[in-house]
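Enquirer: sequence plus predicted model, see below.
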Amino acid sequence: MEIYKVGGAVRDALLGLPVRDHDWVVVGATPEEMTTLGYLPVGRDFPVFLHPRTREEYALARTERKTARGYHGFEFHTRADVTLEEDLARRDLTINAMAQPGEAAAGEQLIDPFHGLADLRAKVLRHVTPAFREDPVRILRVARFAARFADFSLAPETLALMRQMVEDGEVDALVAERVWQELSRGLMEPRPSRMFELLRECGALQRLLPEVDRLFGVPQRAEYHPEVDTGIHLMMVLDMSARLGASLPIRFACLTHDLGKGTTPADVLPRHIGHEARSARLLQDVCKRLRVPVDCRELADVVAREHGNIHRSGEFGAAALVRLLERCDAFRKPARFEDVLLACECDARGRLGLEEEPYPQRERLLAALRAAQTVDTAAVAALAQAQGLGGEKIGNRIHDARVGALETGASPTMLDIPR
């Protein structure tokens, strides 16, 4: 029984990056031997065990054989005679197909049958063997690694293989949960735009997110978008969200905020009147198809519907500001509203030459919210009820009180709200 450290832990140690997780492969053991040693079995598709002390995952060396389309179409073999090289051969990229004995330090006793170290030094993402084509998830993983290692290039033969996989329909067999898992991880990488650019280059973006794919080549008004192309703008917005350290819900909102521009009639371009409402409708289709989590879906919906109004809010008077805050549900969910504003800031600064421009709408709207929150809504409601009012009329009273608070109680941070 031999234990090896494999994959990302070896790669990241060689790059001098922090090692967050360790992957271990056990060669020459059986499931029965693992359990006898105190390892806890957890694998469903193939034998994976938790270490009795560290709780890290240890997988038996395995090979795999393609039996059907899609991510689940594999048959796994985990015999005790499966070699380490056979296990490494089934991995996606050469930089992830290196191993070291369990106690070896970084770079020591490196086992590198597929020349991953050379590709690491050359900064190339390259598939290990032609068996890469058997698992469509690898297309998403390669795109995600491109977003993580922004200065790495993709080997031409790997790109050609990915294109062939798309043409063969492998991507169409991916399950929604796995697509979302990889997309969400890619969105959180340092340069998320590269994930979507690579998916587009191999043809997978059109199959997985046609709403995003159709944005490329769609013109916008140059006075607002010096970069002109909507797809280019979207990539700049995503990278700005990474630069500003945004959370996943914010980054997903950035990805989907302009979907409606892809359906603007050609005779109207480069204007995009009403694209916000179209974006919100298309967003619902995306979320349903990919089973997007509720927090991501709800934040993205507000940003899609209201980002134009938030950008223009410097022109709004007190009544219009309160209506905007109400539509954004800012009084019930102020923390989410701050996320909405950060997504809008990413949108505003994700434009050619405007990356360093300030976004005063953010502080102005937060100041307006603070002023409106000074209203004692319970007291206003009680007074309205005492006067025989109910339902919608109580809501109107609260709305009017908030407008009044903005008009009369402005602090210096209100930035001169027009009255």
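Expert: Structure's in. What do you need?

Enquirer: going forward, measure contacts and count neighbours with C-alpha atoms only.
Expert: Noted.

Enquirer: so which bits of stretch 397-404 are buried?
Expert: 397-399, 401-404 (16 or more other CA atoms under 10 Å).

Enquirer: residues contacting that stretch, please?
Expert: Residues from elsewhere that reach stretch 397-404 (CA atoms under 8 Å, 6 or more residues apart in numbering): 318-319, 322, 371-373, 375, 377, 380-381, 384.

Enquirer: helix, strand, or coil at A160?
Expert: Using DSSP: H, G, I helix; E, B strand; the rest coil, the structure places A160 in helix.

Enquirer: residue contacts, it?
Expert: By CA under 8 Å, 6+ apart, A160 lies in contact with C202.

Enquirer: repeat for E211
Expert: Here E211 is in contact with 259, 262, 282 (CA under 8 Å, 6+ apart).

Enquirer: element containing C296, please.
Expert: Assigned by DSSP states H and E, C296 belongs to helix 294-311.

Enquirer: after that helix, which helix or strand is next? Please name it.
Expert: Next along the chain after helix 294-311, taking DSSP H and E as the criterion, comes helix 318-327.

Enquirer: mean confidence (pLDDT) on that following helix, please.
Expert: Mean pLDDT, helix 318-327: 96.

Enquirer: return the closest of the buried residues of stretch 397-404 with respect to E103.
Expert: R402 (65.0 Å; CA to CA).

Enquirer: and the closest one, what's its pLDDT?
Expert: pLDDT recorded at R402 is 94.

Enquirer: for it, give its distance to W180.
Expert: Using CA to CA, to the nearest Å, we find R402 at a distance of 40 Å from W180.

Enquirer: just for this structure, where's the confidence low?
Expert: Filtered on pLDDT under 70, the chain yields the residue ranges 45-46, 65-76, 104-107, 409-419.

Enquirer: mind listing what the residue nearest the centre of the chain touches?
Expert: Closest residue to the average C-alpha location of the chain: L187 at 2.8 Å, with CA atoms, centre = their mean. Residues counted as contacts of L187 (CA under 8 Å, 6+ apart) are 195, 238, 248, 251-252.

Enquirer: next one: A176
Expert: Neighbour list for A176: 289-291 [criterion: CA under 8 Å, 6+ apart].

Enquirer: just the buried residues out of those, in ChimeraX syntax.
Expert: Buried subset of the contacts of A176, written as a ChimeraX selection, criterion 16+ other CA under 10 Å:
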select :290
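
Enquirer: out of the contacts of A176, flag the one nearest to H115.
Expert: Closest to H115 out of the contacts of A176 is L290 (36.1 Å), distances taken as CA to CA.

Enquirer: now the closest one: closest residue in space that isn't a chain neighbour?
Expert: Among residues not flanking L290 along the chain, A176 sits closest, at 4.8 Å (CA to CA, 6 or more residues apart in numbering).

Enquirer: how close does that neighbour get to E157?
Expert: Distance, A176 to E157, by CA to CA: 27 Å.

Enquirer: ditto for A368
Expert: 55 Å.

Enquirer: now, which of the contacts of stretch 397-404 lie within strands?
Expert: Counting by DSSP state E, no part of those is found in strands.

Enquirer: out of these, which end up buried?
Expert: Buried among these (16+ other CA under 10 Å): 318-319, 322, 371-372, 375, 377, 380-381, 384.

Enquirer: helix/strand/coil for the closest residue to D213 other than its chain neighbours?
Expert: With CA to CA, 6+ apart as the criterion, D213 has its nearest non-adjacent residue at 5.4 Å, and that residue is Q206. Put simply, Q206 is helix when judged by three-state DSSP.
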